[in-house]
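1. Make a model of this:
(one chain, ligands or ions: 4)
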Amino acid sequence: MNRFSLLLIIIILSLSASNLSYSQTFKSIMADDIIIRQKVKENPQIIEDYKLYEKNFKQIIENLNSFKTDTLLNGKRIIPVVVHVIHANGPENISDAQVIDGINKMNIDYQKQNADTTAIFGIFKARAANCAIEFRLAKIDTNGNCTNGIEHIFDPQTNWAYFNTMKQYVWDPTKYMNIFAVNFIYPEGMTLPDGAFIGGMSPFPPDNTLSQALTGGDTDIDGVLIRQDCIGTIGTATNMGGMGINLLNRTFTHETGHYFNLYHPFQSLYAALGIDGCGALFITAGDEVSDTPPVAVATQNTSLNCFTPGSINSCTGDNPDEPDMIENYMDYQFGYCTNIFSNGQKQRMDATLAAIRHNLWTKENLIATGVLDTSIHNICTPIADFSASPRVACVGDAINITDISYNGTPSSWSWDLTGATPAISTVQNPTVIYNTAGLFPIKLVVTNASGNDSITKTSFIRVFDPAANINVPLSEDFETGINPSWIVNNSAGNGWEVTDTASVSGTKSARISNFAGNQNGSFDDLISEGYNLNSLTTSVIPLKIKFKYAYCGKINAGSILAAADTAFDKMRILVSTNCGKTWIQKWAKAGVLLQTTANPNQNSFNPVAADWSSDSVNIQLYLNQHQINFRFKFEFYSSGGNNIYIEDINIDNGTYTGMDSYSMDLINMQIFPNPVSDNSTISFDLPENMQTKIQIFDMIGKEVKSIENNELSLGHHEYNINKNDLKSSGCYFVKLSAGEFVFTRKLMVK
Ligand SMILES: [Ca+2]
Ligand SMILES: [Ca+2]
Ligand SMILES: [Ca+2]
Ligand SMILES: [Zn+2]
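-> Ligands and ions are numbered 1, 2, ... in the order given. The predicted structure follows:
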């Protein structure tokens, strides 16, 4: 296999992503290997440094007996842990229970208490190691204060987390093993296709040459960076990546293996020479561990099933020639297929713990971090925090405010809810309404026996009067800037702004300067004010939002995915009839489909006249409904591509000949989970009332079930598919016919 083997995994995902329109059936990837290969390609000197590092590291292994082991507790080394849950008030704010479950499951794996050791291939059974490591959540923080070892930090960068996230929130990494639980890992400079995701990304110990290549030698970039749904076996972990699978915490076990200086058994720093993990004459590859047989490339099944242990032998040059240890935690099978650290891997952990990570488990440090104290159930002072849903609403809408304070359970709550009814509250999770339009703050004070804490969030709730809207026609040419009644939401970097570098009418348009200075993974919204469609006296049917836009992809000369190196972004148009409380997608384009030019560009995109496209969104339905409170938004999702421009947004009663956009993206058909284990949901959005038919066909095209055949109303629809409705396991096709549009999705039954 060549050096593109892992790249290919991503490229395939990319194709699937564009075929399936942001669908869900993608494998997780661990990008560490890809990035290391790229770093070596950029700087081959790393290989020489690595050899020297490994030579010295093996000296430590040989002399292990001379290292102190005086802080063993019941034969185990105790590691103080802090878990930073970085969230944006979504499900990624996983519960303490899920975090604790993750720590417990790691302890099971690292102490060989896992029941699935029975599945280890015969000759490997005797090599399974009890690594004698126990992880404990810290009880004292870096300032000497009481902690439960779990921080919950609001920061939207959870959606594009990378090493800078670790650096920002790390606690002294010589005293704590830092875990960063994030929603989405987005390595800088990596073109990650829509739908692909990374399970975890953890540097080796900071003195390791390869870590220095990854982090630039920054010792604050130390710890385990991991998706929140790869932690534990409960909560979000039951549906990892929206795939309907539970990786049994083994991504966490794998990533922590890197933290203790373990490599992948298929590692090859010689990928540029076409040498895989088997190595070659005079060239050693693999994981530097003698009792894990060499592996050519990452073991990943194309289905969700496990390979049979002992069934793969990808390298035959090993002596004796043994099958691959595909059940090793450090290979790439799904977590539920893995179950072993070998004795040789444990030796590397021992050496790491004896040397660079020794301070973690010194008695001094165990006392300083409070982890020897198991007798007292500390109740720490709570750290105040809250969220609200919705945060944008109409006058009179119920708003649910949720206490998400952490670190200690509060015994009382004091809410200051300026402008709301009620205006004060002492319940944990109040529900309020606002009777006037405006922007309102919320303050919370939480108290328990240990103390109190408070937090104020200004301009936190936005309330509109649904009756006070602007008459149409609308003609927005951006010549006087962005209408101050419109809302620009920018989660990071550059946002929507008016520019005079390009225009169709006049001299100005709206743009996101995305070529540089925006953030991969961030969202940018441009939200209109409310419109009274009922004010339209004459209309040519159908009524549309018409607009012009210009966009092209970005050619990245030197990014990590050198083989597939063009980055594209995504834009959607959504509408709301409830002040922005909920949104319905009407238009979406991503990738090359969003592009209005012939080709992507390696420069910052600045459109000429021919680069602009016209398009429209059909909103006749809302005119028929006599909506007096109609809003739309342009939502841009950056994947590190190029600039986007919009211009001349019109809602009028003139004729229009642009294309309609009832695309696949608009219908947004999804099946989840897929493969079906017991039940799956098929969901889709109808842009208007449509005659709709849903059928399931088998491989030979025979209909096995008809689920729906009726006129359905505009909006979101969901149907259940039960496994028992289908005859047997295998491959089926779900066909959705909506009006003149037909969509087919593959459905796997396990
Ligand atoms: Ca072999
Ligand atoms: Ca203009
Ligand atoms: Ca932005
Ligand atoms: Zn890895």
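
2. Leaving out sequence neighbours, find the closest residue to residue 260.
-> Of all residues beyond its chain neighbours, the one nearest residue 260 is residue 349 (4.2 Å), with distances taken as Cβ to Cβ, 6 or more residues apart in numbering. For the C-beta atoms, the positions are set from N, CA and C on the backbone; glycine is no exception.

3. Now the helix or strand containing that neighbour: buried residues?
-> Taking DSSP states H and E as the criterion, the element that holds residue 349 is helix 343-354. Of the residues in helix 343-354, those buried by neighbour count under the rule 16 or more other Cβ atoms under 10 Å are 343, 344, 345, 346, 347, 348, 349, 350, 351, 352, 353, 354.

4. Residue in the stretch 151-300 of the chain with the shortest distance to ligand 3?
-> residue 156 (10.2 Å; Cβ to the ion).

5. so what's residue 572 up against?
-> With contact taken as Cβ atoms under 8 Å, 6 or more residues apart in numbering, residue 572 is in contact with 585, 587, 588, 589, 634, 635, 637, 665.

6. in this protein, which segments are predicted with low confidence?
-> Along the chain, the parts satisfying pLDDT under 70 run over 1-31, 68-71, 189, 193-194, 375-378, 538-541, 558-565, 653-666, 687, 740-741.

7. ok so, going back, hmm, the residue nearest to residue 260 is touching residue 77, no?
-> No - counting by Cβ atoms under 8 Å, no contact exists between residue 349 and residue 77, whose distance comes to 9.0 Å.

8. Would you mind listing the residues in contact with residue 578?
-> Taking Cβ under 8 Å, 6+ apart, we find residue 578 in contact with 393, 394, 397, 466, 629.

9. what's the burial count for the first one?
-> When neighbours are defined as other Cβ atoms under 10 Å, residue 393 has 23 of them.

10. Leaving out chain neighbours, which residue sits closest to it?
-> residue 581 (5.0 Å).

11. and this structure, what are its domains?
-> The chain breaks down into these domains under automatic domain parsing: 32-266+339-368, 386-464, 470-651, 665-749.

12. Out of the ones you listed, flag the one nearest residue 306.
-> Minimum separation from residue 306 across the domains of the chain (Cβ to Cβ) falls at domain 32-266+339-368, 8.3 Å.

13. can you tell if that closest one touches ligand 1?
-> No - Domain 32-266+339-368 stays out of contact with ligand 1 when judged by Cβ under 5 Å from the ion, the minimum separation being 10.7 Å.

14. For the remainder of this discussion, apply numbering that starts at 23.
-> Okay, using 23 as the starting number, the last item reads as domain 54-288+361-390.

15. how long is that domain end to end?
-> The first and last residues of domain 54-288+361-390 sit 32 Å apart, counting by Cα to Cα, to the nearest Å.

16. quick one: contacts for the residue of the stretch 173-322 of the chain closest to ligand 3?
-> Applying Cβ under 8 Å, 6+ apart, the residues contacting residue 178 are 110, 513, 514, 544.

17. Filter these down to the buried ones.
-> Buried by 16+ other Cβ under 10 Å: 513, 514, 544, out of the contacts of residue 178.

18. Restricted to strands, list those residues.
-> Residues from the buried ones among the contacts of residue 178 lying in strands, with DSSP state E as the criterion: none.

19. What is the nearest of the residues you listed to ligand 4?
-> When the buried ones among the contacts of residue 178 are compared for distance to ligand 4 (Cβ to the ion), residue 544 comes out closest, at 26.1 Å.

20. wait, the closest one sits on residue 514?
-> Yes - with contact defined as Cβ under 8 Å, residue 544 reaches residue 514; the gap is 4.2 Å.

21. Can you check which residues contact both of the two?
-> 178, 182.

22. Of the contacts of residue 594, which belong to strands?
-> Residues from these lying in strands, with DSSP E as the criterion: 607, 609, 610, 611, 656, 657, 659.

23. Specify which member of those is nearest to residue 499.
-> Distances from these to residue 499 were compared by Cβ to Cβ; the smallest belongs to residue 656, at 15.0 Å.

24. Can you classify the residue nearest to residue 415 by secondary structure?
-> At residue 603 the chain is in coil, as set by DSSP: H, G, I helix; E, B strand; the rest coil.

25. what's it in contact with, if anything?
-> With contacts defined as Cβ under 8 Å, 6+ apart, the neighbours of residue 603 are 412, 414, 415, 416, 419.

26. Next: residue 109.
-> 115, 116, 174, 175, 176, 177, 180, 205, 250.

27. wait, isn't the last one in contact with residue 112?
-> No - using Cβ under 8 Å, residue 250 is not in contact with residue 112; the gap is 9.6 Å.

28. just checking: which of the contacts of residue 603 also lie near ligand 3?
-> Filtering the contacts of residue 603 for neighbours of ligand 3 using Cβ under 5 Å from the ion leaves an empty set.

29. May I see these arranged in JSON lines, with distance to residue 467 and secondary structure as well?
-> Below are the contacts of residue 603 laid out as JSON lines (distance: Cβ to Cβ, whole Å; DSSP: H, G, I helix; E, B strand; the rest coil):
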{"residue": "412", "distance to residue 467": "24", "secondary structure": "coil"}
{"residue": "414", "distance to residue 467": "25", "secondary structure": "strand"}
{"residue": "415", "distance to residue 467": "24", "secondary structure": "strand"}
{"residue": "416", "distance to residue 467": "29", "secondary structure": "strand"}
{"residue": "419", "distance to residue 467": "25", "secondary structure": "coil"}
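
30. Now do the longest helix seen in the chain: everything it contacts.
-> Here the longest helix in the chain is taken by residue count, with DSSP state H as the criterion, and it is helix 67-84. Applying Cβ under 8 Å, 6+ apart, the set of residues contacting helix 67-84 from outside is 61-62, 89, 229-232, 235, 283, 291-292, 310, 369-370, 372-373, 376-377.

31. Could you spell out the sheet neighbours of the helix or strand that that helix is followed by, each with its direction?
-> Proceeding N to C from helix 67-84, the next assigned helix or strand is strand 99-109, under DSSP H and E. Here strand 99-109 is paired, per DSSP bridges, with strand 155-159 (parallel), strand 172-176 (parallel), strand 199-204 (parallel).

32. That'll do, ta.
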